[in-house]
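K.L.:
could you look at this predicted model? Sequence included:
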Number of protein chains: 4
Amino acid sequence: MKRIAVMTSGGDCPGMNAAIRSVVRTALSKGVEVFGIDQGYKGLIEGNMKKMDNRSVANIIQRGGTILRSARSMEFKTDAGQVKAVNNLAENCIEGLVVIGGDGSLTGAKILSERYGVKTVGIPGSIDNDLCCTDMSIGVDTALNTIVRAVDSINDTASSHDRTFLVEVMGRNCGYLALVSAIATGAEAVLIPEVKYDIEGIIGKIKERYEQGKTRSIIIIAEGVGSAADFGKVFGMIGGFDTRVTILGHLQRGGSPTVFDRILATRMGTAAVEALLDGKTEVMTALQKTKVELVPFKDIIGLKKPLDTKLLEIAEILSR
Amino acid sequence: MKRIAVMTSGGDCPGMNAAIRSVVRTALSKGVEVFGIDQGYKGLIEGNMKKMDNRSVANIIQRGGTILRSARSMEFKTDAGQVKAVNNLAENCIEGLVVIGGDGSLTGAKILSERYGVKTVGIPGSIDNDLCCTDMSIGVDTALNTIVRAVDSINDTASSHDRTFLVEVMGRNCGYLALVSAIATGAEAVLIPEVKYDIEGIIGKIKERYEQGKTRSIIIIAEGVGSAADFGKVFGMIGGFDTRVTILGHLQRGGSPTVFDRILATRMGTAAVEALLDGKTEVMTALQKTKVELVPFKDIIGLKKPLDTKLLEIAEILSR
Amino acid sequence: MKRIAVMTSGGDCPGMNAAIRSVVRTALSKGVEVFGIDQGYKGLIEGNMKKMDNRSVANIIQRGGTILRSARSMEFKTDAGQVKAVNNLAENCIEGLVVIGGDGSLTGAKILSERYGVKTVGIPGSIDNDLCCTDMSIGVDTALNTIVRAVDSINDTASSHDRTFLVEVMGRNCGYLALVSAIATGAEAVLIPEVKYDIEGIIGKIKERYEQGKTRSIIIIAEGVGSAADFGKVFGMIGGFDTRVTILGHLQRGGSPTVFDRILATRMGTAAVEALLDGKTEVMTALQKTKVELVPFKDIIGLKKPLDTKLLEIAEILSR
Amino acid sequence: MKRIAVMTSGGDCPGMNAAIRSVVRTALSKGVEVFGIDQGYKGLIEGNMKKMDNRSVANIIQRGGTILRSARSMEFKTDAGQVKAVNNLAENCIEGLVVIGGDGSLTGAKILSERYGVKTVGIPGSIDNDLCCTDMSIGVDTALNTIVRAVDSINDTASSHDRTFLVEVMGRNCGYLALVSAIATGAEAVLIPEVKYDIEGIIGKIKERYEQGKTRSIIIIAEGVGSAADFGKVFGMIGGFDTRVTILGHLQRGGSPTVFDRILATRMGTAAVEALLDGKTEVMTALQKTKVELVPFKDIIGLKKPLDTKLLEIAEILSR
C-alpha cells in the first residue's frame, strides 16, 4: 500500500485532530503517502482532498474540532454518489481509507468496502460513548471533563432554599455521559435513556434533602430522556421547587482534548495505519481494557452498547 | 463605630467572598469588630450571625459563591420582620451594616436606614451589570469570561453547513453580558432587551454568510429577550437553518473570580468600611473610571442603567 | 468490623478528597462508622481524629488537596511513636485503617500491620505514577492535564527563531509524567530518569528543526534527571539556543481532579472498605486494566515500576 | 490614505490577534487596504508581507500568540536595514504603519517616522504593564489571570508545616504583575524591583504565621528582583523553611486572551486606524481611565512607569 486517505465524518469531537496527526505521521514514517479528505463523504464525492505532510499536522494535537472538517452528505446515500466517491479514490491511487467518526460514519465505510472493495479502517469518534466493543471513544473523556467543570461551577453558587438545578447533557440513546458525570459531581439524581425514570421518587428524595437543611440539588438529564426545560417545569409544578435549567449543548463538543483523548487518538491513529498496511479492512480500532484491538464492523454497526450497571449502584450510594 | 456587620443578599456572584474578606480585614486593621450575617436578610431576622476574625476569611478570595450564603426573605418585606432585624442589630451592638448585592438588596438597606436609622453601605454584586452609577459590578468580569470561554468552545467545532448556534446568557433587563461577549467572541448577531430585534435582518445576514462559504453562525441572546429554545425554533422554521441551543444558566454565577473581580471586590470592601467609619450612610461603592467613589442609594435604586451605544457599533463592524 | 479510620499521608494529590468521600459513604452505607485522622501519621500519634458522617464529605469531590491534611512525622519512625499510634486506634475502637498515599505511606501501614496487627488497606495516591502493580495512581491524570495545558500555553507563543523552551515536571525516579506529556503535546524531546540522555543528539535534532524553518522547540524534563535551569544553561552554551525555563513545581499537585481521578478514587475508596470488611489486610487497591484489584504490600513497597517502552517509540515517531 | 500595514514585534502577548483583527476590519470598513507584515521588523526588511481581508482574521480573536509572528532583528538597527524597510513600504504603496508591541517596538516606529517620514501609530502590547501613560497594556489582564490560577492551584495543596512556596513571575523592571497577583491571591509576601526587599522581615512574618498554626506561605517574586531558585535556597538556609519553587516563565505569555484583553485590543485597533486616517503619527493608543487616548511616543519611550503605591498598602493589610 503506497497511499492512504483519512477523513472525519459526523459530529466532530475533541481528539479528532490528534487522530489525524497520528495517522499522517505514522504513515509517513512507514513510507506511505497520506491524503486528507475535506468534509467527510461530501468531500470524497467532490474530490476535495490533498496530500498531507508532517507540517500539515503540526501544532494541531491540542486543538478541538477537526482540521479536515465534517459535513452531512445526502448524496453519499445514493449509488451515483458512492460511485463518484470510489472513482475519486481510484483516480488518486488511494488504496486504503481511515474514517474517524461514529456509527453513521462507519456505515459509510462498510458500504465502500462491501460494495466497492475499498479497504477501510474506522476510528471511534463520538462523545456519547455509544459505540460497541470499545471501552471509550475519542472525545468522551474531554466531554466528561467539560460537563463536570460546568456542574462544579453551578455547585459553587450558594443558593436559596429549595433550588433545584437541571443540567441537560448529550446522549441520545446512551446515558454514559450523564451517569458518569453524576457520579463525578455527586449529583442528587440522574435521568438516562436506559433506565425508566421515577419523577415521584426523585421529588421525594430532594424534598428529604431540603428538610435536612441542604440548600440545593442537582439533576443531570441525558438529552435522549427529554428536554431539561420541560423537566424543569414538571419539577417546579409537581415538587414546588424553584428550578433552574442549564443546557450545555455543543459546548460539550468543543475545547482542547484531554491527555486521555490525545493519547487514545494517537494510539488508535497508529493502529489504524498498521491495520491497513497489514491488509485488514472493515475493522474499527477499539480500546479493550488497556489495549487497542481491531473489531469487525459487523460487531459494532447498528448495535446498542450495554450500560455498566455497576455505575448505577455507585451513583446511588454516593449521592447521599 | 466599634462594631459592624456584613452580609450577602440576592443572587450570588463570584467575588462576593473577596469583598467579605476585605470588609473583615480592613475593619479589624482599624480596630473595628465585624459580624458576619448568614443568609442575608433572612439570617438578620433570625439573628443568625457571628463574630469574624482574620482566619474566618482565610483562603476564600479564590472561591465562587459566598461563605455567608444568600437567601430570599419574604418576612423582611413586613414591618414585623424589619423590626426583628433592627432589634438583632441593636442587641449585638452593631452600628453599621455592609450589604453586598443587587438592586433588591440595596432597597432592603435603604429601608433599614430610612425607617430605623441603621447606617448602611452597599457594594454592587450583580453579574448582569445592571446597577446604575458604577462602571462595573462585582462578578461581571468573571461571568463574561465564563460566557466567552463557552462560546469559544462552541466555535471550535467544525460544523456542517448552515448550522446556527444560539447561546442564551443572563440579563433580564440589561444586555451588557450579551453585547460584550458578542464582541469578544465575534458572534454574528446579538439580541438584547435594549434594542428591538429584527429576525428577518439576522436571517438575511446569516444566509449571506453561508453563501460566502462560512460554515457556522453564533447568535447570543440575553435571557430578557426571550428563550433561546424558542428562538431556535423560529430560526429553524423561518430561516431553514439547522439550529443548536445552549443555555448557560447558573454556570455564569459560578467559578473562581477573575483578578479584576478580586481586586474590585477588595477595593470596594475597603471603601465600604472607610465610608461607615466616616459616618456615611445610604451610599454604594461605585467604580467610576478607575476610582472607587460613593454614590447615594437614591441615584441607583430602581433606575435603569443606560447602554453604551458605542459597543453596538463595534459589534456591528467587527462581526463581518 | 464496626469502626474504621481513614487518613491521607505524604505529598497530597488531586482526588484524595474523592477517595475520602467514597470511603466514608461506602462504610456508612454498610453500617460501619468512620473516623477521619488529621495530618496522617502525625495526627494518628497525637490522637487527632474525629467521627465523620455523610455531611463531613459533602461538596468535597471537586476539591484539590485533602480535607484531612497531610504531614511528615519523624516520630512515627520510632517505636514509641508507633505504640502511641496503635494505642490511639485501640482507644477509639478502630479496627481497620485506610491509608491514602505513596510508597512511604504504605510502608507505615505495613509496619502497623506486621508489628501491631492493625488491619490496613492502602489506596495509591501519587502524582508521579511510581507505584507498582497499578496502572494508574490517584492524581496522575489531573497532573498530566495540568502539565499539558501549561505546555500548550507555552506553545501558543509565536517566538523568535531558535528559542527553546525547557519545562521541568515532577518525577524523581519515574519519567511517566514527562513522557506522556511529551507525547500529548508533541514536544521535541523529553528527558527521563529511566533513559540515559544524549545532549548532543537533542541539540542536533533541534538545530535541524530550526534549519527547516520551525520557530521553537519544547523539551520536557523530569525533575529526577536534573534541574531545568541547569539544562537551560547547557543548551544555551553548547547549542547556542535562546532558552527559556518553566518549572511547574507544586502547580502539578493542585487543581480540581479530573473525571478520571474522581471515578478512580471513588472506585478505590469503595474497594478499600470492602476489602477491610472482607478481612483483607496489607493490600493496596490497584487499577489493573479496567478492574480494581487488591495487591499485597510486599509486591509494591520499595519496588521500581518499569517504564512502558512502547510510549518511548510513540514519542519518537510523533515528534517529527 | 489608501493602504496601511500592521505588524507585531517583540515579546508576544495574548490579545495581539484581537488587535490585528480590529485593525484589519476597521480599515476595510473605511475603504482602506491592509497589509500584514510577518515577523515584525525582520519581515519588513525582507519584504515579507501580504494583503489581508476579512477572512484573514476570522476566528483568531480567541487565540494566544500572534498570527503575524514576531522576531528579533539586528539588521533593523543599521541604516541599511532601515532603508530596506522603508523601501519595502514605499514599493507596496503603504502609507501608514500600526506597530503592536512594547518599548523596543515603539522605538523602531519612532525611527521610521523621524528619519524617514513614515506615519506610525503604536499599540501597547506587553504583559509586564511597563509602558508609560496607559493604565493597561494588552496581555496584562490575561497574564494576571494565568498567574493567579497557578497560585490558587498551589494554594490548594494541603502541605506539611513550614512549607514555603516561591513563585517567580515576569517583570524585569516593573513589579505590577507580582504585586497585583499577590493581592489577588492573598500571598504572604511579594518581592518587586521598585521596593527594596527585607529578607529578615519576611522570614519573621512567615515564622509568626507558622507559630499561629498556619501551614503554608506563598511568596511571589518578580523576575527582576532575582531568581526564585536562589531565593528559595536563601529562605531555606536562613529561615529553616522547607521551600518549593515554581517558575511560570512563558506560560504567562500564552493562553486565550481574557474578555478585558480582547475588548481593549479591539478598541485600540480601531483607535489606531482612526488615528492614521486622521493624519496622526508617532502616537500610541493608551487606556486612560475608561477612554482610549493618543499619547506621543516621546512621553513614553525609554521612560519608567511609576508604581501605584496604594496597591502596596492593600497588599500589606490584606495578607494577614
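P.N.:
Sure thing, it's come through.

K.L.:
how about the residue nearest to A:Tyr116 when sequence neighbours are not counted, what does it touch?
P.N.:
Closest residue to A:Tyr116 apart from its sequence neighbours, by CB to CB, 6 or more residues apart in numbering or on different chains: A:Val86 at 4.5 Å. Glycine gets a C-beta too; all of them are placed from N, C-alpha and C. Neighbouring residues of A:Val86 by CB atoms under 8 Å, 6 or more residues apart in numbering or on different chains: A:Leu112, A:Tyr116, A:Val118.

K.L.:
please identify which of the residues you listed is nearest to B:Lys233.
P.N.:
A:Leu112 (36.8 Å; CB to CB).

K.L.:
which of the three states applies to that closest one?
P.N.:
The three-state label given to A:Leu112 by DSSP: H, G, I helix; E, B strand; the rest coil is helix.

K.L.:
which residues sit in contact with A:Glu293?
P.N.:
With CB under 8 Å, 6+ apart, A:Glu293 has these contacts: A:Thr285, A:Ala286, A:Leu287.

K.L.:
can I assume it sits in a strand?
P.N.:
Yes. Applying three-state DSSP, one finds A:Glu293 inside a strand.

K.L.:
can I assume A:Arg149 sits in a helix?
P.N.:
Yes. With the criterion set as three-state DSSP, the secondary structure at A:Arg149 is a helix.

K.L.:
quick one: it from chain C, how far?
P.N.:
Look at A:Arg149 and chain C: by CB to the nearest CB, to the nearest Å, they are 7 Å apart.

K.L.:
now swap in A:Met49 and tell me
P.N.:
Distance from A:Met49 to chain C, by CB to the nearest CB: 22 Å.

K.L.:
next, that residue: phi, psi?
P.N.:
phi -150, psi 160 (degrees, to the nearest 10).

K.L.:
what's the answer for the one 3 residues further on, then?
P.N.:
Taking degrees, to the nearest 10, you get phi -110, psi 150 for the backbone angles of A:Met52.

K.L.:
tally of neighbours for it?
P.N.:
23 (other CB atoms under 10 Å in any protein chain shown).

K.L.:
show me the contacts for it.
P.N.:
A:Val24, A:Val34, A:Phe35, A:Gly36.

K.L.:
what about the last one, is that helix, strand or coil?
P.N.:
Going back to what we said before, that points to A:Gly36. strand.

K.L.:
ok, it touching A:Asp53?
P.N.:
No. Look at A:Gly36 against A:Asp53 with CB atoms under 8 Å: they stay out of range, at 10.3 Å.

K.L.:
so what's in contact with the two at the same time?
P.N.:
Here A:Gly36 and A:Asp53 have A:Val24 as joint contacts, going by CB under 8 Å, 6+ apart.

K.L.:
hang on, the earlier thing: return the member of the contacts of A:Met52 nearest to chain D.
P.N.:
Lowest distance from chain D to the contacts of A:Met52 (CB to the nearest CB) belongs to A:Gly36, with 19.2 Å.

K.L.:
show me what contacts the closest one?
P.N.:
A:Ala5, A:Val6, A:Met7, A:Ile20, A:Val24, A:Met49, A:Lys50, A:Lys51, A:Met52, A:Ser56, A:Ile67, A:Leu68.

K.L.:
keep only those of the residues you listed that are in strands.
P.N.:
A:Ala5, A:Val6, A:Met7, A:Met49, A:Lys50, A:Lys51, A:Met52 (DSSP state E).

K.L.:
now stretch A:205-223 - C-alpha only, CSV.
P.N.:
Only the C-alpha atoms of stretch A:205-223 are listed here, as CSV (Å, rounded to 0.1, in the frame of the first residue of the first chain):
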residue,chain,number,x,y,z
LYS,A,205,-35.5,12.4,47.7
ILE,A,206,-35.0,16.1,47.0
LYS,A,207,-37.7,17.1,49.5
GLU,A,208,-35.9,15.0,52.1
ARG,A,209,-32.7,16.8,51.4
TYR,A,210,-34.3,20.2,51.9
GLU,A,211,-35.8,19.0,55.1
GLN,A,212,-32.3,18.0,56.3
GLY,A,213,-31.2,21.6,55.6
LYS,A,214,-29.4,21.1,52.3
THR,A,215,-29.8,24.1,50.1
ARG,A,216,-29.7,22.8,46.6
SER,A,217,-30.0,19.7,44.4
ILE,A,218,-28.5,18.9,41.0
ILE,A,219,-30.2,16.7,38.5
ILE,A,220,-28.4,15.6,35.4
ILE,A,221,-30.5,14.7,32.3
ALA,A,222,-29.4,12.9,29.2
GLU,A,223,-30.9,14.7,26.2
